[in-house]
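J.: Need coordinates for the below:
(4 chains)
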There are 4 protein chains.
Amino acid sequence: MSVQDMRDFETLARNELSAAAYGYYAGGSFDEQTLADNEAAFGRRTLRTRGSADVAEVDTSTTMLGMRVAASIGFAPVALQGLAHESGEVVPARVAARANVVYCLSTLSSRSIESVGAEGGGTNWFQLYVFRDRRLTEELVARAVLSGYRAIVLTVDLPVVGKREREILDPLLLQSRLGNIGDLEGSDFRSGVGKTIDPSLSWDDLAWVRSLSTLPLVLKGILHPLDAAMAVEHGVDGLVVSNHGGRQLDRVLASIDALAPIVDVVDGRAEVYLDGGIRAGTDVVTALALGARAVFIGRPYVFALAAGGEPSVTLCFDILLRQLREAMALSGARTIEELAADMVLDH
Amino acid sequence: MSVQDMRDFETLARNELSAAAYGYYAGGSFDEQTLADNEAAFGRRTLRTRGSADVAEVDTSTTMLGMRVAASIGFAPVALQGLAHESGEVVPARVAARANVVYCLSTLSSRSIESVGAEGGGTNWFQLYVFRDRRLTEELVARAVLSGYRAIVLTVDLPVVGKREREILDPLLLQSRLGNIGDLEGSDFRSGVGKTIDPSLSWDDLAWVRSLSTLPLVLKGILHPLDAAMAVEHGVDGLVVSNHGGRQLDRVLASIDALAPIVDVVDGRAEVYLDGGIRAGTDVVTALALGARAVFIGRPYVFALAAGGEPSVTLCFDILLRQLREAMALSGARTIEELAADMVLDH
Amino acid sequence: MSVQDMRDFETLARNELSAAAYGYYAGGSFDEQTLADNEAAFGRRTLRTRGSADVAEVDTSTTMLGMRVAASIGFAPVALQGLAHESGEVVPARVAARANVVYCLSTLSSRSIESVGAEGGGTNWFQLYVFRDRRLTEELVARAVLSGYRAIVLTVDLPVVGKREREILDPLLLQSRLGNIGDLEGSDFRSGVGKTIDPSLSWDDLAWVRSLSTLPLVLKGILHPLDAAMAVEHGVDGLVVSNHGGRQLDRVLASIDALAPIVDVVDGRAEVYLDGGIRAGTDVVTALALGARAVFIGRPYVFALAAGGEPSVTLCFDILLRQLREAMALSGARTIEELAADMVLDH
Amino acid sequence: MSVQDMRDFETLARNELSAAAYGYYAGGSFDEQTLADNEAAFGRRTLRTRGSADVAEVDTSTTMLGMRVAASIGFAPVALQGLAHESGEVVPARVAARANVVYCLSTLSSRSIESVGAEGGGTNWFQLYVFRDRRLTEELVARAVLSGYRAIVLTVDLPVVGKREREILDPLLLQSRLGNIGDLEGSDFRSGVGKTIDPSLSWDDLAWVRSLSTLPLVLKGILHPLDAAMAVEHGVDGLVVSNHGGRQLDRVLASIDALAPIVDVVDGRAEVYLDGGIRAGTDVVTALALGARAVFIGRPYVFALAAGGEPSVTLCFDILLRQLREAMALSGARTIEELAADMVLDH
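T.: Below you'll find the predicted structure:
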């Protein structure tokens, strides 16, 4: 099978992964309506491209929280990458560093903050859950700082864990693979995470999280403009518009459907990112045109990791970057700033 | 087969029920377009959830007509539950009482007002048809009062009985199972009910129905805002937005499509409930966010009753309650009052 | 096969008719997109019914051009009914007369104006094409007057005949069956009709058509509000909103999609009727609620004619009338005047 | 197989062409969403036709850039027609000349400017790419002028070549067939074209292109109203609303979806044409009613060329012209000026 685009890695990965591991990555909650809609919502939009611009040179670079990155494409935090490859999160972090784009490590990673930190050339961010054990939370942030991570990405959409019918992982298998936080309580991953993560997290706790380091703070899991406004008022540096890859509450709106009103309300006071459903260069162009500063990819790079390790992750990213460059050229955009909201029509 | 959600009970019930009984419960009128749309209309909406609230404790309780209930979920009146289980309406009434939620008994029940009333811990309501024989109507209300029922739910959308092609019940079988009103005239259930229920019921009769007891009065079967306004002007205490489960006129709008304009026009002067198409916690959240005070479930609990009696009805309700709690937590809502209309987008 | 609704007659007819005759009746032009949309457009609407009216008595009667008829349902002109039954147009005219509703005879009928006129109890209308031979046109009107027809229905949407791929009629067979106008020129029905009917018909000719009799004049084939306005200014008594059953230009809008703007512009100055896609009582209710004074059925009664002659045509009409009565009762409408536009929602 | 409409030629051509040649003509970029949408977008519109006009004579003629043509239908530039037929572009140019409509020759044609020019009776236009080698560009325009071409159509939507998965042509085969510009550099057609065409083309270059001849200048590949406005300000004589047949960036909007806003902004200051998805007379009527002065057909005539050479191309054009005439008559339009925007409804 020759790889034509990012989606092809899923087919390849399915042959490599156990049913449990494939189900863990591929699945979403309940009827998987949101999971499907994340992709479908891009397809409901069309692009109204510009022409007649000199696109001999196309520049995909931008800054994210002050960091210059080669492209508006980052690697989203995905838990337990050791299920996909023995070198787990280390490999994609290395690919991201080489490409000079952001890699965001999950708290629930298979490999430790330190071993992944050793790979990153200043391109690592750290995704944080607030645990019932606040001291554990503090330690995680301190370790991320020491390991050179450049931002804290606080996930706010997992007070409880959504019901995912395809998630049938052996709890023993999982606990042995958690690189940062030791064994989870409980009989399975879902209830273990549920018992560990603090469901009482609220706006009042943000100041405390911020006080744990001098790193910029990003909130991940924002869908409602009122939450975006609250976040900005609490001084966050960035927001990730995300529905957790359709893995939490089914029937929430698609990420791209949530983006524009949030960009409006934020009004430049924080950076707005998006994850969920990015499968091609035109998806990236759509999100950037509607005001995202960058997008994050998740499942595709994990499937590439499972399919062929480092070369596949590199290929996966390169395909998307090349598609982004082509889509920008064919949109008449030399820079990502030239991608304007009037290029996207919503039918 | 392991039960994952409420819909699974239908598959189990189909194996237990005769074709006639299954068809009676499962079917709708004509092309069953409204029957299907009751569920599909929920799927046309997405949820735009809030985050960052302390949802360590989620409270699903509310009051209905002044009664404190554990959840905004009641049991809708469904006729002839003896076709599903020998202890007919008695079992679900017992489950509802134990859960402290409303059970609404159908006039056309298999078991009598008194035997079901003996089960309810003050959580029973009584659904009433106005019969051509007004004395029979008076007696039914009097019996409901004596048996401790807490509200009269007058159904107004059955002046004639809709044509249901899957309804092939043996009339003799049916008549022997009616617990409250004795034998129906006519050769089959449809024509029997048609000959018994008074099609001339109108607004002028409401005062008479109200005079039959001091119980609160709820009208069931309202779809048009003008009827809701009339009902409020006639002093009703509650309304059920309902299309009779898609069993009366096919092609009427889905219940959830009818809700918001009725909530607007009622403007807090009466309680507004909804039945039709509730199959998951996100459906409940949607209806409550759009202004319903509570929802009623119908077919799912009757299929559970047929599938496994009391334990299955308990499980069916527990699944929905747990889903409601999870959906509230993932919506950032600690109480049902925090479910706001801006959380629901209609595409 | 037991007949449940009007659509069932098509299945029965298909077994009785030659492929050529079935194709002639069933087919539409080109891709048959308009043919399908005539029905589908009703399904895109839902009914928001009223309740709590005294519907013990439902009255389906109305007046059409001053004639009191038992129902707002007429028989549309369909050509060549001799292909369906040896007593061609005579049978449905008799059924209509007995039911006291309008039967509209096609110019291109198999049986003559006189033989059909002998059946009608004052319920016949005559559909007219203007021929290149104006004298032939004058004679037709004169014969209709003498035979007791009560209105002239001038078809204006057939300046040329649309391309219908399922129309494969043997021209000789057809010519022998035309009851009113003798042999057509040309090698097939389509080109024969095309050579006979005058494509130069325009507004200027209306006064002449009107001068041919004292009968009320109805224009059939109106889709655009500007044409409706012109028609009213030219003093017509009625309009039929129609796309010729999807048999002329494919991709024109569905009849029911055209209705409301035309009702608006006519503003009571003429009666507005509709044909196209009527298959159930809810379709009739929809059209009447949106302002049609009556609807006409076409294919269903011709299929009934082919399936079983007079008893089937009677049954076909009775099914629809019973459905109309039930749909009115379940809409809370005692008379057709009570069917209001706010009962129809367009999604 | 009897040919009923233009689409039938694709089936016939598929039997005649190699897989590579068929894939080259039939394919679009990436998921071919835009390719499919070009046709589907016409199907999302319905026609609200007028009646009661004297359509005994229907006139399909118009002027294009001052040339009187027999119909508002031209032949779009399609590269490499030698893959379809040994007499390549010569045959359709001859058919166009005979029909007195525009034939637009591609720069990347199999046959030379001169040999095709010898066929045209003053009906040829020349499609131009601006090459990195500007002298080559100048020579092409000079040759077109000398060979009697009547307009220059500058394509602006190909700064890079879109990824088309069905395009698997042997590069050697292709190079031997280019009639105008000699061998392409590179290992395949896509990269060869990419290395030859100048991606730096911008508004600043328009004056230079214009200076190369006194012929009228048309820009092809406009989708955004702002580009249309720019083009008019730069004094172009015409615009082709086009997405390059869905062969460049996938997910751009359908041509017909782009038309109306561009017609608005141009406001008569230049002629607006459209290509993409024209498959029937009603498509032509739709585009003309929405303000296009003419449409161009592409794949259908090339498939006809492959299927049966000159007689098939003639038949293909005649079918469309006949359909246009019929659609105009059934729309009540005697001339193309009478096709008004209010005849098209967008659902």
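J.: who in chain A is up against chain D?
T.: Counting by CB under 8 Å from any CB of the partner chain, chain A comes close to chain D at A:4-5, A:42-43, A:45-56, A:280, A:282, A:323, A:326-327, A:329-332, A:342-343, A:345. Placement of C-beta: from N, CA and C, glycine included.
J.: Mark which of these are part of helices, please.
T.: A:42-43, A:282, A:323, A:326-327, A:329-330 (DSSP state H).
J.: ok so, going back, which of the residues of chain A next to chain D count as buried?
T.: A:5, A:42-43, A:45-55, A:280, A:282, A:323, A:326-327, A:329-332, A:343 (16 or more other CB atoms under 10 Å in any protein chain shown).
J.: can you give me the strands in chain A?
T.: Per DSSP state E, chain A carries strands over the ranges A:45-47, A:62-64, A:67-69, A:73-75, A:103-105, A:124-128, A:152-155, A:217-222, A:238-241, A:271-275, A:294-297, A:344-346.
J.: Quick check: residues of chain A near chain B?
T.: A:30, A:33-34, A:37, A:156-157, A:159-160, A:162-163, A:165, A:198-203, A:206, A:219, A:221-224, A:226-227, A:230-231, A:248-254, A:257-258.
J.: buried subset of those residues?
T.: Neighbour-count burial (16+ other CB under 10 Å) is assigned, among those, to A:30, A:33-34, A:37, A:156-157, A:159-160, A:162-163, A:198-199, A:201-203, A:206, A:219, A:221-224, A:226-227, A:230-231, A:248-254, A:257-258.
J.: Where does the stretch 201-347 of chain A get nearest to chain C, which residue?
T.: The stretch 201-347 of chain A approaches chain C most closely through residue A:347 (15.8 Å), counting by CB to the nearest CB.
J.: tell me, how many neighbours does that residue end up with?
T.: Neighbour count of residue A:347, defined by other CB atoms under 10 Å in any protein chain shown: 12.
J.: wouldn't it be in contact with residue A:48 here?
T.: No. Here residue A:347 lies out of contact with residue A:48, judged by CB atoms under 8 Å, at a distance of 11.5 Å.
J.: anything in contact with each of the two?
T.: Common contact partners of residue A:347 and residue A:48 (CB atoms under 8 Å, 6 or more residues apart in numbering or on different chains): none.
J.: hang on, the earlier thing: most packed of the strands of chain A?
T.: strand A:103-105 (a mean of 29; mean count of other CB atoms under 10 Å in any protein chain shown).
J.: Give the rounded mean pLDDT of that one.
T.: Taken as a whole, strand A:103-105 has a mean pLDDT of 98.
J.: try stretch A:12-32
T.: Stretch A:12-32 comes out at a mean pLDDT of 95.
J.: which parts of it are buried?
T.: Along stretch A:12-32, these residues count as buried under the neighbour rule (16+ other CB under 10 Å): A:12-14, A:17, A:21-32.
J.: For chain B, state which of those is nearest.
T.: So of the buried residues of stretch A:12-32, ranked by how close each gets to chain B (CB to the nearest CB), first place is residue A:30, at 6.9 Å.
J.: Next one: that closest one from residue D:39, what distance?
T.: Separation of residue A:30 from residue D:39 (CB to CB, to the nearest Å): 36 Å.
J.: Same check on residue A:26?
T.: Counting by CB to CB, the gap from residue A:26 to residue D:39 is 33 Å.
J.: dump the residue contacts of residue A:111.
T.: Residue A:111 neighbours (CB under 8 Å, 6+ apart): A:81-82, A:87-90, A:179.
J.: right, and residue A:181 touches residue A:110 too?
T.: No. The pair residue A:181 / residue A:110 is not scored as a contact, 11.5 Å apart, by CB under 8 Å.
J.: And for residue A:284, nearest residue in space, chain neighbours not counted?
T.: residue A:324 (4.9 Å; CB to CB, 6 or more residues apart in numbering or on different chains).
J.: Check that neighbour and give its pLDDT.
T.: Note for residue A:324: predicted pLDDT of 98.
J.: again, but for residue A:200
T.: So, for residue A:200, pLDDT stands at 87.
J.: for chain A, which residue is closest to the average position?
T.: By CA atoms, centre = their mean, chain A has its centre lying nearest to residue A:76, at 2.4 Å.
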